[in-house]
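Enquirer: The following comprises the amino acid sequence and a computationally predicted model.
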Amino acid sequence: MKILIKNGLIVTMNSTFEVLNGDILTDGKMIAKIGQDLTDPADEIFDAKDLIIIPGLVQAHVHLCQALFRNAADDLSLLDWLKKKVWPLEGKHTAQSLRISARMGLAEMIKAGTTTILDMGTVHHQDVIFEEMDRSGIRGYSGKAMMDDGDIPDSLRETTKESLYESQRLCSVWHGYDDQRINYAFAPRFALSCTEKLLRETAELARDKNTLYHSHASENKRETELVKQRFGCGNITLFEKLNAVGKNLCLAHCIWVSDDEINLMKEFEVNVLHCPTANLKLGSGIAPVPEYLEQGILTALGSDGAPCNNNMDIFREMRLAALIQKPKYGPESMPSRDVLAMATINGARVLNLDQMTGSIECGKCADLTFIKNDQVHSIPYENIYSKLVYSAGSTDVEDVMINGKWVYKDRHLLYENERLLAEQAKNEIKRFYEN
């Protein structure tokens, strides 16, 4: 199917950061042409007048399994948040409750313009998350959380052998699914819930399967201290000792890192997944993102999980990512164009998907987000990037296309009945707290 999109303000995020008033022709999944006054025949003509067209947004660290637990774990630091609230709740998941949770998270993110994600699941029922990713049309990675050690509930504890076996089974089914739209990422939760054997052998598997290694690291000061007590070094150094560092290593947070560890991250091209709202809400700290960017360390954005945010809105993450660094690093730090790049092309680079998505270019997939331009809260403006990062919001998202297909149009999800989903979610939440 060919769709001719006319009269939009196109923010390409290509190598020259080209911005133009013009048209886009999609052909099937791909962007076929970009220009002005295109007249090619098409199955649909879509008038994008008064709309800004940006690359579909990338969320590089989310937990779909936790969307059902929104507003259920406030005012706690990380380890208490996990042990007292999130892990017991995750351990109660059935396949049905996990399905509802995934649907909720996907709906929220797509409505806010997200078209690509890196998700970390829970320990059980991971196929369900992939099934709902497939149904929604979203692009991205997910992987079961791997947990074989530490102070964790029995409901989430698995043996090393079980964890590795199930992860490999899931990878064999879902990695490369639907012409690479859906992929598998191996996901040891964090060092404190994993044996060295699991962390090391997972790294070998990720390299062998040519995919991502997704984990948490140095999020919380106490967590980092406990890692040092147990392993004799910090998180990044531990990953280096276990031969797990490399371009495929994607680490959420990276707040409490030493200068030597930053040098390791630069040397081995480790990727940082920055979640500013969650880091503030849990009182974890502020990641030194300007230092990462200065060192050339690729950094992407994510909203983390609904219980530590409590939204999954990439616009909020962009704005906060820009603002929280300025008191320490100065008002010139984190310019808006760089922040938008973290949520588009650099997010795609972190996920090794930049040949496919992250910018609006011919030959890439038609992953597009359409934003209302002339809103009273976002005009006037001189700098389009400033407008998008500081003034625009998820409520300005009008339409979303993934892989050349509309998934959200005229502010309505095309694949999901939101009212029915809300009712089903209420029923599942009631069951959770009754049992």
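Expert: Structure's in. What do you need? Model, not experiment: these values are computed from the prediction.
Enquirer: okay, how far is it across stretch 170-187, tip to tip?
Expert: Start to finish, the residues bounding stretch 170-187 are 12 Å apart (CA to CA, to the nearest Å).
Enquirer: cool, stretch 225-243 as well?
Expert: Length of stretch 225-243, first residue to last, CA to CA: 21 Å.
Enquirer: Could you pull up the mean pLDDT of it?
Expert: In this model, stretch 225-243 carries a mean pLDDT of 97.
Enquirer: And for residue 163, the neighbour number?
Expert: By other CB atoms under 10 Å, 24 other residues sit near residue 163. For every residue, glycine as well, the C-beta is placed using N, CA and C.
Enquirer: gap between it and residue 344?
Expert: With the distance defined as CB to CB, to the nearest Å, residue 163 ends up 33 Å from residue 344.
Enquirer: Identify the residue nearest residue 204 in space, chain neighbours excluded?
Expert: Computed as CB to CB, 6 or more residues apart in numbering, the closest residue to residue 204 that is not its neighbour in sequence is residue 243, at 7.9 Å.
Enquirer: Confirm for me that that neighbour is in contact with residue 202.
Expert: No: taking CB atoms under 8 Å as the definition, residue 243 is not a contact partner of residue 202, at 11.1 Å.
Enquirer: Which one's more surrounded, those two?
Expert: Between residue 243 and residue 202, counted using other CB under 10 Å, the more crowded position is residue 202 (25 against 12).
Enquirer: quick one: the more buried one is in a strand?
Expert: No: using DSSP: H, G, I helix; E, B strand; the rest coil, the assignment for residue 202 is helix, not a strand.
Enquirer: and it, what does it touch?
Expert: Listed by CB atoms under 8 Å, 6 or more residues apart in numbering, the contact partners of residue 202 are 146, 164, 167, 186, 188, 213, 244.
Enquirer: again, only this time at 10 Å
Expert: Neighbouring residues of residue 202 by CB atoms under 10 Å, 6 or more residues apart in numbering: 143, 146, 160, 163-164, 167, 186-188, 194, 213-215, 242, 244.
Enquirer: Among those residues, which lie within strands?
Expert: Taking DSSP state E, the ones among these that sit in strands are 146, 187-188, 213-215.
Enquirer: Let me see the ranges of the helices in the stretch 301-435 of the chain.
Expert: Using DSSP state H, counting those that start in this stretch, the helices of the stretch 301-435 of the chain run over 314-323, 326-329, 336-342, 345-350, 384-386, 418-434.
Enquirer: name the helices or strands packed onto the fourth one?
Expert: Put plainly, it is helix 345-350. strand 51-55, strand 57-62, strand 114-119, strand 271-274, strand 299-301, helix 336-342 (3 or more CB pairs under 10 Å, 6 or more residues apart in numbering; DSSP states H and E).
Enquirer: Put together TSV for the ones you listed, with mean pLDDT on each row.
Expert: Below are these laid out as TSV (pLDDT from 0 to 100):
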stretch	mean pLDDT
strand 51-55	98
strand 57-62	98
strand 114-119	98
strand 271-274	98
strand 299-301	98
helix 336-342	98
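Enquirer: CSV please, covering these and showing mean neighbour count.
Expert: As requested, the helices and strands packed on helix 345-350 are exported to CSV (neighbours: other CB atoms under 10 Å):
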stretch, mean neighbour count
strand 51-55, 25
strand 57-62, 30
strand 114-119, 29
strand 271-274, 28
strand 299-301, 27
helix 336-342, 22
